[in-house]
Every structure is written in C-alpha cells, then in structure tokens.
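Undergrad: Based on what follows, work out the 3D shape:
(2 chains)
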Amino acid sequence: MLIPLIIIGIVILFVLFIYNSLITTKMRVSEALSQIDVQLKRRADLIPNLVETVKGYATHEKELFEKVTKERTALISAKGTGEKAAANNQLTQTLKSIFAVAENYPDLKASQNFLELSEELSDTENKIAYARQFYNSSVLDFNTKIKTFPNALFSGLLNFKEAEFFETSAEEKQPVKVKF
Amino acid sequence: MFLFVIFISTVVYVFSKALGYGPSLVGFALIISGIMSIGSYYYSDKLVLAISGAKKIEKKDNPELFNTVENLCIGAGLPKPNIYIIDDPSPNAFATGRNPNHAVVCVTTGLLQTLNKSELEGVTAHELSHVKNYDTRLMGIVSILVGFVAIISNIFFRSLWFGGGRDSDRESSNAQSIFLIVGIVFAVLSPIAATLIQLAVSRKREFLADASGALLTRYPQGLASALEKISKYPKPLKTASNATAHLFIINPFKGKDTKQWFSSLFDTHPPVEERIKILRSM
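TA: The predicted structure is shown next:
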C-alpha cells in the first residue's frame, strides 16, 4: 500500500516541477512579445513627426503620406503576431519609399530635424529586430520544452500549446517596390 | 565545479586524518574564505571601477556605444547595465556584476576608436554574455574555494609546526604517518592546483562567452575580427592590475606569445588564435 503511494507522490512532484518550468518559460515568451510591442509603438510614434517634417519640404507627395499614416494605424491596431509582422513589413516598405523621396529634396536631407528622425527610426528598426530575435529565441525555448521528453507526456494534460514565431508570410518576402 | 568540490573534499579529508582534527576545521576555513570573498562579490563592480579609473556615461555622451549596448540587451533579454569608459588608447573591455540587475560594462576609448560597428557589437555581446552566464558569481565562488584550500593548507602546516592533536590509539599511528606524508605533499601542491583549476574555469568561461556572444549577434566574424585588431595593439592597458586582468576580453598584459604548455596553464584567457579560429568556423 505504501509503495504505490510513494510512487504517486513522486509523480505528482515531478508534474509540479514540469508545470513550474513550463509556466516560467511561457511567461518569458509573453514578456518578449510585449517588448516587441513596445518597440513597434516607439516606431509608430515617430511616424507622425516624420510625416510633418517631410511635408514641410515635399508638399505634393500626398498619396505617400496618406499611405504611411494608414499603415501606421494598421500597425497600432494589429493583433496577434502574424498580423503584427505583416503590418510591420508593410510599414517598412512605405518608409523606404519616403526616404527615397527625401533624396530629391537636399534641403530636407540637411535639416537637423530630419537627420535626428532618421537616426531614431533607424535605431528603432534595430531595436525591433533584436526584440523579434529575443522573442523567437524564447518561443524556440518554450516549444522545445513542451515537445521534449519527459515534458511532452504532460504538456497536453496541462494545456500548454505551442507559441507562434514572429515571422513574415511568403507574400511579404517579395522584394521592396519603391513607388514615388 | 563538481571536480573542484571533490578535489577539495579529498584535500580536507587527508588533512584532517593526518592531524586528527575533526570536521570543525573544514567549517572554520570555509567561513574565513567566505567572508573574504563575499565582500569582493558584492562590491565587485565598484571595486573594479575604482581601480580602473572608469567614468560612467549617459546616452548623450556616446550614443553609438549606448545604443549598441541597449539593443544587445533587448536581444538578450537583459536589463540595461551601467556603461563606463576608461580613457586609455589600449583597446579592451570588461563586464562585471553579481547578477544582470547589478551589472556594469566598460570599454576603453582605444576600443571605441579602433573597432567598427559590427566589431563593437561582437565585443559588447561577449561582455553581456559574461553577465548573462553569471560568470562573476561563478568566479567568485571558485575564488572562495581556492582561498579555502590555501587557508586549510596553511593551518595544516602551522599545526605540524606546533604539534597538532593526535589520536591516542597507537595502532593507528602507522596509518596516521602515511596520511601525514600525503598531507604534506597536498599542502604544498593543492594551493597551486586550486589556482590552476581556477584559471582553467576562467578559460572555459571565456570560450562560453565567445559562443554566447556569437549566438546573440548571429555574426561571429564581428568578434573574430575585433579580437584580431585588439591583439595587434602593442601597448598594455595602464590601469589594469593582476586583480582585474581576468575580467578583460583579452589579457591586458601583453606578454610574448609563449606556446609552451606549462606557462599557458597560467593564462586567464585562452589563446587569441584559438578563439578566432573557433569563431570563424561557426
């Protein structure tokens, strides 16, 4: 009578440890995701400033400004990693177009405001990239933990599902089209 | 680490058998060594910075360095450490701090001038990996153990001199003399052995930091070419001392390149050529 009880006790302890380990890793994944959001928001906040600065010099690029503002809104309201990744890429492409436009206006290129904004935007792009990298590493960690033995035995029971990687879908991987 | 603990247990066992002391000796030596090391562990960052004459910087002082460190911290999931600069033309860098929340990263002005962006990222990633892998804590524990071994050997010698406690049982006196002889050999060699083990651990952690840094930047060539540039610089770092030498990315005392096996056991860092070779083959 005692031995089966001890075995059951050990198994329960084991499951507890596994649960704690999986929860900790899962929390890290959610934190990493919110870090990406922080950086995406940072970039979104810089956009209106950029539009105003460029507008001051390149007055007739109205279409482009409207496009970028629309895509900025799309990014802010995107939910889920797939949507966010897509919105992010869309915005990046349009921003490239804006910077290409700026090449035509030497006064704009020389303005202090524009220079600082470009620096900030470029730094934010780097930060987004690193945040994505960290998120994907955390997801890899979590998914691996769920699937390896012995955790695999219990992860279904304890309701742990795989997390998604922050990646671009096939259509977004097309080469950038710079439109004026 | 495990082997180190076994090594120490063996040493202690031999000593106590030889002298007839009990386990209280162990506790005593451990406490003294612990006290000596805990202070340096908690204040490791302040101590090193004071010795090296480093100055703290804010974002406006050097935005490129600041952003590099900040971005890599995002990639590693670490909180941003305090950043310091040492004014010295010799390129070098170090990181210290007992855990990621109390960490410090420091570079020399020479480093900032010599390296390009991807090389600077490589070096910074290496230093942040030291923080992430809790290397300061590990080396702190190792040095406690080394100190412990040194103290025990010391006590052993003193007891021999002044006549230690003996088992009154005559029959065991033969066994006791054997232990005595082995004990003397141990007492002489074990502090040296402990130091060698400490240096071996240090070298292993350097390789680990290289690898973790490469994983962080996904670009091992950056660190490889940085190491090449740094190792070519002829002059040693002015404010480095023996106490802080092991923290830097490359040994700040530029000795001649000795490939002899014996003296390389005493290096805190693995040879640069090997580190570069490993990085380039990733």
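Undergrad: could you say which helix or strand contains B:Leu237?
TA: Assigned by DSSP states H and E, B:Leu237 belongs to no helix or strand.
Undergrad: quick one, what contacts it?
TA: B:Ile86, B:Asp88, B:Ser90, B:Asn92, B:Thr108, B:Phe248, B:Pro252 (Cβ atoms under 8 Å, 6 or more residues apart in numbering or on different chains). C-beta: built from backbone N, CA, C; applies to glycine.
Undergrad: Also B:Phe66?
TA: Contacts of B:Phe66 (Cβ under 8 Å, 6+ apart): B:Ile57, B:Glu58, B:Lys59, B:Ile83.
Undergrad: how close does B:Leu279 get to B:Leu112?
TA: According to Cβ to Cβ, to the nearest Å, B:Leu279 stands 21 Å off from B:Leu112.
Undergrad: Actually, A:Leu40.
TA: Summarising the geometry, the distance separating A:Leu40 from B:Leu112, computed by Cβ to Cβ, is 31 Å.
Undergrad: Please say which of those two ends up with more neighbours.
TA: Shown here are A:Leu40 and B:Leu112; by other Cβ atoms under 10 Å in any protein chain shown, A:Leu40 has more neighbours (22 against 15).
Undergrad: Can you check the pLDDT for the more buried one?
TA: Confidence per residue is given as pLDDT, and for A:Leu40 that number is 88.
Undergrad: where does chain A dip in pLDDT?
TA: Segments of chain A classed as low confidence (criterion: pLDDT under 70) are A:168-180.
Undergrad: cool, and the stretch 1-150 of chain B?
TA: Scanning the stretch 1-150 of chain B residue by residue, the ranges that satisfy pLDDT under 70 are B:1-9, B:12-13, B:15-45.
Undergrad: in it, which spans are strands?
TA: Across the stretch 1-150 of chain B, reading from the start of the chain, the strands by DSSP state E, counting those that start in this stretch fall at B:55-56, B:82-86, B:93-96, B:104-108.
Undergrad: Could you point out the helix or strand that follows the longest helix anywhere in chain A?
TA: If you go by DSSP state H, chain A has its longest helix at helix A:2-57. Once the chain leaves helix A:2-57, the next helix or strand it forms, by DSSP H and E, is helix A:62-77.
Undergrad: and the residue in the stretch 51-200 of chain B that chain A sits nearest to, what is it in contact with?
TA: Taking Cβ to the nearest Cβ as the measure, the stretch 51-200 of chain B has B:Gly75 as its residue closest to chain A, at 3.7 Å. With contacts defined as Cβ under 8 Å, 6+ apart, B:Gly75 is in contact with A:Tyr130, A:Ala131, A:Gln133, A:Phe134, B:Leu216, B:Thr217.
Undergrad: How many neighbouring residues does the third one have?
TA: Right, the one you point to is A:Gln133. For A:Gln133, using other Cβ under 10 Å, the count is 20.
Undergrad: OK, contacts around it?
TA: With contacts defined as Cβ under 8 Å, 6+ apart, the neighbours of A:Gln133 are B:Gly75, B:Arg218.
Undergrad: which SSE is it in?
TA: A:Gln133 is part of helix A:112-147, with elements assigned from DSSP H and E.
Undergrad: Enumerate the residues of chain A near chain B.
TA: Proximity of chain A to chain B is confined to A:Arg28, A:Ala32, A:Gln35, A:Gln39, A:Asp123, A:Asn126, A:Lys127, A:Tyr130, A:Ala131, A:Gln133, A:Phe134, A:Ser138 under the rule Cβ under 8 Å from any Cβ of the partner chain.
Undergrad: where exactly do the helices run in the stretch 51-200 of chain B?
TA: Secondary structure of the stretch 51-200 of chain B by DSSP state H, counting those that start in this stretch: the helices cover B:63-76, B:109-114, B:117-132, B:135-162, B:173-217.
Undergrad: Determine which residue lies closest to the centroid of chain A.
TA: Among the residues of chain A, A:Ile36 comes closest to the average C-alpha position under Cα atoms, centre = their mean, at 4.3 Å.
Undergrad: if I look at the closest residue to that one other than its chain neighbours, how far off is B:Leu112?
TA: Leaving aside its chain neighbours, A:Ile36 sits nearest to A:Ala131 (4.4 Å; criterion: Cβ to Cβ, 6 or more residues apart in numbering or on different chains). Distance of A:Ala131 to B:Leu112, given as Cβ to Cβ: 25 Å.
Undergrad: So which of the contacts of B:Phe66 is the closest to B:Ser177?
TA: Nearest to B:Ser177, judged by Cβ to Cβ, of those is B:Ile83 at 59.3 Å.
Undergrad: The closest one: neighbour count?
TA: Around B:Ile83 there are 23 other residues, counting by other Cβ under 10 Å.
Undergrad: and the helices of the stretch 51-200 of chain B as JSON lines, adding distance to A:Ala74?
TA: Conversion of the helices of the stretch 51-200 of chain B to JSON lines gives the following (distance: least, Cβ to Cβ, whole Å):
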{"stretch": "helix B:63-76", "distance to A:Ala74": "24"}
{"stretch": "helix B:109-114", "distance to A:Ala74": "40"}
{"stretch": "helix B:117-132", "distance to A:Ala74": "32"}
{"stretch": "helix B:135-162", "distance to A:Ala74": "44"}
{"stretch": "helix B:173-217", "distance to A:Ala74": "31"}
